[in-house]
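# A predicted structure for the sequence below; I have some questions about it.
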Amino acid sequence: MPLRIIFMGTPDYAVATLEALIAAGHDIVAVYSQPPRPAGRRGLETIASPVHRAALAHGLAVFTPTSLKSEEEQACFRSHRADATVVVAYGLLLPQAVLDGARLGAWNGHASLLPRWRGAAPIQRAIMAGDTETGVMIMKMDRGLDTGAVALTETVAISDSVTAGELHDRLAAVTARLMTDAMARLADGNLPVTPQSDEGVTYAAKIDKAETRIVFGAPAPHVRNHIRGLTPVPGAWVEMPISGRPERVKVLEAGLVEAGGGSVAPGALLDDRLTVACLPGAVRLIRLQKPGGKPLSAADFLRGTPVAAGTVIG
């Protein structure tokens, strides 16, 4: 039996779930998304979120409040007479009145194996920490930060080479499938939940700009994971000499190499192939992007920007 669903989401990650619920025949009575944001070089234009644009393409009603705390917004939310609320990467805290605004509650698709990596950036944090697995959990939301009881779980392996962008796409597809399954079970009255464990709680704080700079004075595996976890956005960067002056260069891919830094200073180039000393170990920069340029292989990068062995970057 189809449900009357309020969908709440904002980025690309959430679009797959919205599309899957529509394809499953559910009645999406309202879509909530973050307000359009300034765009363009001068910020004179505004652009709607990916979920907003997808909803309009399906002729759905879209609501973009800056807050859900007012009685007026909460009354509007209740007026949709929804059976369930589905939340995927929405970006606003939901007051209790909103959590209770649908008959069967609010259900969230979260991209981690809770209680590990509660919070805003679970995909990036899992890779940056060197985790070997993550997953998706469908939980019934409560007032806490990703503390709700869990209904469905699917585990996904994290390979040594996967980037945050690649893992993002894989988990978005899992979230869409798992949430569609959850809503079918909810409609049948067969979606039991299990409280989360109090052990193993970690928090996935939003990525701060200060974290995007690569620090080679760390073990080589940590440096590689840091780069993978920030690729493609916001992107990890290092300062390198270009045309005689330091420039920020994004590093989109790096690999571990057996060559060790030894007594060489962290950040020193050990050869002419962009092998960089870490503390300990070393990484080889494989794909880079100059300011305003396109992604380049290390070989192509060095053709236009030779950087000699012994140069210290970072």
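Arrived safely.
# please make it C-alpha for all contacts and neighbour counts, starting now.
Noted.
# for the protein, what helix or strand is lowest in average pLDDT?
Here the helix or strand of the chain ranked lowest by mean pLDDT, DSSP states H and E is strand 37-39, holding a mean of 85.
# I figured Arg143 hits Val98, correct?
No: contact status for Arg143 versus Val98: not in contact, 10.3 Å apart, counting by Cα atoms under 8 Å.
# so between those two, which is more surrounded?
The neighbour count for Arg143 versus Val98, taken as other Cα atoms under 10 Å, is higher for Val98 (19 against 12).
# picking that back up, and the contacts of the least confident helix or strand of the chain?
Leu44, Glu45, Thr46, Ile47, Ala48, Ser49 (Cα atoms under 8 Å, 6 or more residues apart in numbering).
# most neighbours of all those, which one?
Of these, with other Cα under 10 Å as the count, Ser49 tops at 20 neighbours.
# quick check: closest non-adjacent residue to it.
Leaving aside its chain neighbours, Ser49 sits nearest to Thr10 (5.7 Å; criterion: Cα to Cα, 6 or more residues apart in numbering).
# wait, that neighbour sits on Ala48?
No: counting by Cα under 8 Å, no contact exists between Thr10 and Ala48, whose distance comes to 9.2 Å.
# among the contacts of strand 37-39, which lie within strands?
When strands are assigned by DSSP state E, the members of the contacts of strand 37-39 inside them are Glu45, Thr46, Ile47.
# turn the residues you listed into CSV, columns for distance to Val307 and pLDDT.
As requested, the ones in strands among the contacts of strand 37-39 are arranged in CSV below (distance: Cα to Cα, whole Å; pLDDT from 0 to 100):
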residue, distance to Val307, pLDDT
Glu45, 40, 85
Thr46, 41, 91
Ile47, 40, 94
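# now the residues you listed in TSV, with distance to Ala149?
Supplementary listing: those in TSV, determined by distance: Cα to Cα, whole Å:
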residue	distance to Ala149
Glu45	41
Thr46	37
Ile47	35
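# closest one to Leu92 out of those residues, please.
Ranked by distance to Leu92 (Cα to Cα), those are led by Ile47 at 18.3 Å.
# please name the bridge partners of the closest one.
As for beta bridges, Ile47 partners with Arg37 under DSSP bridges.
# where does this structure dip in pLDDT?
Using pLDDT under 70 as the threshold, the predicted model of the chain has low-confidence ranges 41-43, 259-262.
# helices along the stretch 201-314 of the chain, start to end?
Taking DSSP state H, counting those that start in this stretch to define them, one finds helices in the stretch 201-314 of the chain at 220-229, 298-304.
# and the top strand by length along the chain, what's buried?
The single longest strand within the chain, with elements called by DSSP E, is strand 245-257. When burial is assessed from 16 or more other Cα atoms under 10 Å, strand 245-257 yields the following buried residues: Arg248, Val249, Lys250, Val251, Leu252, Glu253, Ala254, Gly255, Leu256.
# contacts only, for Ile50.
Residue 50: Pro, not Ile. By Cα under 8 Å, 6+ apart, the residues touching Pro50 are Thr10, Pro11, Asp12, Val15.
# I'd guessed Gly310 sits against Leu269; true?
Yes: the pair Gly310 / Leu269 is scored as a contact, 5.0 Å apart, by Cα under 8 Å.
# show me which of these two is the more surrounded one.
Legend: neighbour count by other Cα under 10 Å for Gly310 and Leu269, higher for Leu269 (25 against 16).
# you'd agree Thr175 is in a strand?
No: secondary structure of Thr175 (DSSP: H, G, I helix; E, B strand; the rest coil): helix, not part of a strand.
# distance-wise, check it relative to Thr10.
14 Å (Cα to Cα, to the nearest Å).
# please apply the same query to Ala30.
Using Cα to Cα, one gets 13 Å for the distance from Ala30 to Thr10.
# neighbour-wise, which of the two wins?
The neighbour comparison of Ala30 against Thr10 (other Cα under 10 Å) goes to Thr10, with 26 against 19.
# list phi and psi for the more buried one.
With angles defined as degrees, to the nearest 10, Thr10 sits at phi -130, psi -60.
# ok, it to Met183 distance?
Taking Cα to Cα as the measure, Thr10 falls 20 Å from Met183.
# is it fair to say Leu56 lies in a helix?
Yes: per three-state DSSP, Leu56 lies within a helix segment.
# contacts only, for it.
With contact taken as Cα under 8 Å, 6+ apart, Leu56 is in contact with Val62.
# same question, the one 10 residues further on
With contacts defined as Cα under 8 Å, 6+ apart, the neighbours of Thr66 are Gln34, Pro35.
# quickly find the element holding it.
Assignment of secondary structure by DSSP states H and E places Thr66 within no helix or strand.
# state the phi and psi torsions of it.
When read as degrees, to the nearest 10, the backbone of Thr66 gives phi -80, psi -20.
# my guess is Ile127 contacts Arg224, does it?
No: shown here, Ile127 and Arg224 do not form a contact pair, counting by Cα under 8 Å, at 9.7 Å.
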